[in-house]
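Trainee: here is a sequence with its predicted model. Questions after.
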Protein chains: 2
Amino acid sequence: MQILDVRLRATADRVNAALDALLPPAQGPEARLLDAMRYAALAGGKRLRPFLMIEAGRLFDADESALIRAAVAVECIHTYSLIHDDLPCMDDDDMRRGQPTVHRKYDEATAVLAGDALLTFAFEVLADPSAHPDPQMRCLLIAGLAKAAGAQGMVAGQMIDMAHGADAEDAAAVARMNRLKTGALISWSVEAGALIGCAREDARHALARYAQDLGVVFQMVDDLIDVSGDAGEAGKAVAKDAAAGKVNLVTLLGEDVARQRVRLLAAQAQKHLAIFGPRAKVLSEAVDFILERRY
Amino acid sequence: MQILDVRLRATADRVNAALDALLPPAQGPEARLLDAMRYAALAGGKRLRPFLMIEAGRLFDADESALIRAAVAVECIHTYSLIHDDLPCMDDDDMRRGQPTVHRKYDEATAVLAGDALLTFAFEVLADPSAHPDPQMRCLLIAGLAKAAGAQGMVAGQMIDMAHGADAEDAAAVARMNRLKTGALISWSVEAGALIGCAREDARHALARYAQDLGVVFQMVDDLIDVSGDAGEAGKAVAKDAAAGKVNLVTLLGEDVARQRVRLLAAQAQKHLAIFGPRAKVLSEAVDFILERRY
């Protein structure tokens, strides 16, 4: 795990530096907007999606600067989704990553706008020639990110969570919601790394299956933290689903069965990496990291 | 004006048909989201930005299907901005285009998500190969739209309006806010038409100047409607700026001076079209249309 910690931090540092360099400076009468964007985007966070993207790309010796740029884009999307999900009309959260959420630190209007601007900025970053010399590649990345993040991906998952979360008693429906809400963006991150690395189809398929299992593990661990975690350690409120009367895979299956299942899925995710041999060691350790995280 | 009416309606019909065909159908447990997107996007509206884009492109015999696709994208952005601007934490509007706003018809969470999804969808539409055969062109369109709509364009304008609208007593600052809030997207619409038509640089410059003046005319007429319009005719609440203690160019200059100035600007916009001769008749009439609109 120590190698993983070092690489996670190194990736986070590079992505943070790139975000800081690319985000517009907070100046002019609109400084409040740019300030809120920077506050949310540079507030820390594990940078897990960038990490998965960059490590997937490294399997194929993908260009590092292209990986970093795509990683910035996915982190902008992830950050916007957190800002909007935290809004009073959504999950109504006051804390995120141990700090006040954007609407608590600024106000609701600023939070909506900062989210909108970060979402838009992700595509500006990917469309720029410095993202990748081949415009065809840039278009593929933009199309993939838009699909993963949009009305048939992440936003659809959040809508189901908002509208039907409390009614769902069907494990398959909950699994689909998770696949949309968190799985789609995690999957895209891994796929984008392979795409930038011009990976062969069998390698891309193996990584896609890895990412799909990893996404489920990620969400189930999130639900386990919500059920049994500590708010101080998590840096955000816990036991929210139970308080909201919402079901998730942990409340549906019971904590013990959920813990068993998440371990099986983690092992399955790691098996998909077999075709890459020892090169995929970091991606394999990332599964253990996600499995054991407490926040 | 009669030719213009016919062409405006014809463009609106084509853009509406394309929007209807491209937007995902409202099905599955996320149907509420897709329904809200369709409700907002297909609620009518003049489709002015698509019209300007398509007519600008026609000056250069641009490919019509590429123009329609880009027009769908800009209308998705415009629609998302209306949904979010209408939210209780922003302008808190109940009516839009003569119908309940999205958060009144559905709820706030759905309105935030429908806006997010439409914003994302605009880029999905432009990144798809059917938008234009040349990926370089698709990237240019995406980059231009993201810049016009984002943290250094439309969203910045809305932020200034929210945060400082009431304090601004400086006509230059108000003009800059308008340029960002409404001008940037109108300008991009005209520029995108020229871009798709592979217009020469002098033609593009003339159209950019036309679009800039037209954007100011558009916003000033909006402010004049707010000052002296009728809510029933406008399809939305009026006298909002005065009620909110906000200044705009009309309250700053006075109604008479504002009316004079808007006529001068309209004439100036039309002069920029001189190099195109009679081919630009429709774009010229569009200025009169905007000048005389009541809603």
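Mentor: Structure received. Numbering: from 1, shown residues only, chains lettered A, B, ... in the order given.
Trainee: Three-state assignment for the spatially closest residue to residue A:148 that is not a sequence neighbour, please.
Mentor: Leaving aside its sequence neighbours, residue A:148 sits nearest to residue A:188 (CB to CB, 6 or more residues apart in numbering or on different chains; 3.7 Å). Backbone N, C-alpha and C define where each C-beta goes, glycine included. For residue A:188, the assignment made with DSSP: H, G, I helix; E, B strand; the rest coil gives helix.
Trainee: confirm for me that residue A:250 is in contact with residue A:222.
Mentor: No: using CB atoms under 8 Å, residue A:250 is not in contact with residue A:222, being 9.2 Å away.
Trainee: okay, these two: which has more neighbours?
Mentor: Using other CB atoms under 10 Å in any protein chain shown as the criterion, residue A:250 and residue A:222 rank with residue A:250 on top: 26 against 21.
Trainee: about what we covered before: contacting residues for the residue nearest to residue A:148?
Mentor: By CB atoms under 8 Å, 6 or more residues apart in numbering or on different chains, the contact set of residue A:188 is A:74, A:144, A:145, A:147, A:148, A:149.
Trainee: chain B: which of those residues is nearest?
Mentor: Using CB to the nearest CB, residue A:149 is the member of the contacts of residue A:188 that sits closest to chain B, with 5.4 Å.
Trainee: number of residues surrounding that closest one?
Mentor: Neighbour count of residue A:149, defined by other CB under 10 Å: 29.
Trainee: any figure for the gap between residue A:229 and chain B?
Mentor: According to CB to the nearest CB, to the nearest Å, residue A:229 and chain B sit 25 Å apart.
Trainee: swap that for residue A:138, please
Mentor: With distances taken as CB to the nearest CB, residue A:138 is found 5 Å from chain B.
Trainee: SS state for that residue?
Mentor: helix.
Trainee: need the contact list for it.
Mentor: Applying CB under 8 Å, 6+ apart, the residues near residue A:138 are A:126, A:127, A:129, A:131, A:132, B:135, B:139.
Trainee: so what does residue A:99 have for phi and psi?
Mentor: With angles defined as degrees, to the nearest 10, residue A:99 sits at phi -130, psi 160.
Trainee: regarding residue A:27, what is its secondary structure?
Mentor: Under three-state DSSP, the three-state class of residue A:27 is coil.
Trainee: quick one: contacts for it?
Mentor: Residue A:27 makes contact with residue A:34 under the criterion CB under 8 Å, 6+ apart.
Trainee: next, it: phi, psi?
Mentor: Residue A:27 adopts backbone torsions of phi -140, psi 170, taken as degrees, to the nearest 10.
Trainee: how far away is it from chain B?
Mentor: Counting by CB to the nearest CB - residue A:27 and chain B are separated by 11 Å.
Trainee: and the pLDDT at that residue?
Mentor: On the pLDDT scale, residue A:27 is placed at 93.
Trainee: now do the same end-to-end measure for stretch A:225-232.
Mentor: 12 Å (CA to CA, to the nearest Å).
Trainee: residue A:60 against residue A:194, yeah?
Mentor: Yes: using CB under 8 Å as the test, residue A:60 is close enough to residue A:194 to be in contact (6.6 Å).
Trainee: anything in contact with each of the two?
Mentor: Jointly contacting residue A:60 and residue A:194 under the rule CB under 8 Å, 6+ apart are residue A:203.
Trainee: between these two, tell me which one has more neighbours.
Mentor: The residue with more neighbours, out of residue A:60 and residue A:194, is residue A:194; 24 against 19, by other CB under 10 Å.
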